[in-house]
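Chemist: sequence and predicted structure below; questions after.
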Amino acid sequence: MAPVVQFRAAVALAGRFPALAGVDLCLEQGEVVVVVGANGAGKTSLLRACAGLLPVTSGEATVLGVDLTTDHTSVRRYVGLLGHAAPLYDELSAAENVRFAVRALGLPVQTAEEALERLGLTGRLRTTPAGRLSAGQRRRVALAALLARRPALWLLDEPHAGLDAPSRSLLGHLIGDAVSDGATVLLSSHEPQLSVPLADRVVSMGGGRVTGEEPGGRRVTLTSVPTAEPDASAGGVGATNVA
Amino acid sequence: MWHDAVLVAGKDLRIEARSRVGLWQVVPFALLVLVLLAFAIGPDQAALRHAAPGIFWVALLFSTVLAIQRSVAVESGEGTRDGLRLSGIDPAGIFLGKAAAVGLQLLALELVLWAGVTFLFDVQVHVVWLAVTACVLATIGLACAGVLYGALSAGLRVRDTLLPLLVLPVLAPVLLAGSKAWEAALNGSTSSGTQWLKILVPFAVIYLVVGIVLYGPLQEAA
């Protein structure tokens, strides 16, 4: 089976600055890979390039079978990116934001309802305008939108930031379930104590390049994560949205 | 594309309905322009009647810029611009949806302005279909051109000040043709009015087609 992500000497420019300066990276289906590195190492740029938001100008870059050097837009509907800022419309409620994300892909609205419940966005939280939610709650709404879209490739940029302990634990379960459903996960983190246990591999970046790689501890952590958070065992997101 | 357009238009209209920016800022601004221009012309009733079509269209044009700025601002929040690009929505659908939302707001505003000029300047439209047709055609052109130039300025820090500079000269033909068509509608001169509709039709069609084709690349470049 072809790798989900295959970068060879991939270069991506942010203006004139090489945000990625020859990245070599390969992700197989079902893998969880954590990217670590100092600020400005290129972690966010790598995720944005995988999402088709940052064009790769030279080298080889294939994501879900799409060659990003010739077409960086058609992969977007098959990936889910959780960036630093939640992509939410402040005037719309949590439920409306998630439903919009689902309808945009032509998926049944039921997937939005399931994702909202899974993230514990029920009752008043569901109908509160996103602009009135706390940073952590907005993060959960963004995660619900990502979950509901059933992406084949999850791209999580500092996913633990702003989340409380139960939500961080739930995130571990979501990643585990997504991988069980056939998705692949690439996440960047400044909190190795939280992210490395979730990973099959840990990739180090510096200066826009991959500088090292070591094994993660995914299986150990997934069996040790508490299961008491709301709806953690509720499935229903079904198969991934693949190219 | 049409499904996407309906989705985006519904989203934008819902956001506008919740924020009430149109109701509490754009509409009062448009009425303020009517009143200020009336002050500038003076108390001469004949002069006011003569200037009424131009005042209507100047007020509409300035208000269009506000509506476009608002439409751009909705997608300029942290993360929402990337969110829309990642949403899987056809860029042509985004363009049509945003233009439809702006267009519907402008049509509502035109009703208010129509009532405003009728009340303030004591004018009466004798050829209603001509005035309505001019409004509908102009609205399509204004919305399409506005959303297109809005996308052009979307990624810039100076977009709020740059957009009027970019879009107002482009919209000048609508101001001219709309004013003349309305003047004819007020005077009951159907034949001269229909000549000016012939400017509004290609303007609307050209910007509709150009917007469908170019919105995607502009969105990527912004």
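Modeler: Arrived safely. Predicted model, so just to flag it, every value in this text is computed and none were measured.
Chemist: report the secondary structure state of the closest residue to chain A within chain B.
Modeler: For chain B, the residue positioned closest to chain A under CB to the nearest CB is B:Gly83, at a distance of 2.6 Å. Just so you know, the C-beta spots here come from the backbone N, C-alpha and C atoms, and that holds for glycine as well. B:Gly83 carries the three-state label helix when classified by DSSP: H, G, I helix; E, B strand; the rest coil.
Chemist: can you tell me the closest non-neighbouring residue to it?
Modeler: Take B:Gly83 and drop its neighbours on the chain: the residue closest to it by CB to CB, 6 or more residues apart in numbering or on different chains is A:Pro87, 2.6 Å away.
Chemist: and the one you found, what does it touch?
Modeler: Applying CB atoms under 8 Å, 6 or more residues apart in numbering or on different chains, one finds that A:Pro87 lies in contact with A:142, A:145, B:79-80, B:82-84, B:86.
Chemist: single out whichever of these has the smallest pLDDT.
Modeler: Sorting the contacts of A:Pro87 by confidence puts B:Gly79 at the bottom, with a pLDDT of 81.
Chemist: any idea how far that residue lies from B:Phe39?
Modeler: Taking CB to CB, to the nearest Å as the measure, B:Gly79 falls 44 Å from B:Phe39.
Chemist: got it, and A:Gly162?
Modeler: From A:Gly162 over to B:Phe39 the distance is 52 Å, taken as CB to CB.
Chemist: again, but for B:Ser71
Modeler: Taking CB to CB as the criterion, B:Ser71 is separated from B:Phe39 by 30 Å.
Chemist: what does A:Asp177 give?
Modeler: 66 Å.
Chemist: would you mind listing what in chain A touches chain B?
Modeler: For chain A, the contact set with chain B under CB under 8 Å from any CB of the partner chain comprises A:51-53, A:73, A:76-77, A:79-81, A:83-92, A:96, A:100-101, A:103-106, A:129, A:142.
Chemist: among the residues you listed, which are located in strands?
Modeler: Using DSSP state E, the members of the residues of chain A next to chain B that fall within strands are A:79-81.
Chemist: so where is the chain shaky, pLDDT-wise?
Modeler: If you meant another chain, say so; for now it's chain A. For chain A, applying pLDDT under 70 flags the ranges A:218-243.
Chemist: actually, chain B is the one I wanted.
Modeler: Confidence mapping of chain B against pLDDT under 70 gives the ranges B:78.
Chemist: tell me which of B:Gly79 and B:Phe39 has more neighbours.
Modeler: Each of B:Gly79 and B:Phe39 has its neighbours counted (other CB atoms under 10 Å in any protein chain shown); B:Gly79 has more, 18 against 9.
Chemist: wait, that one touches A:Asp90, no?
Modeler: No. In terms of CB atoms under 8 Å, B:Gly79 does not count as a neighbour of A:Asp90; the distance is 10.9 Å.
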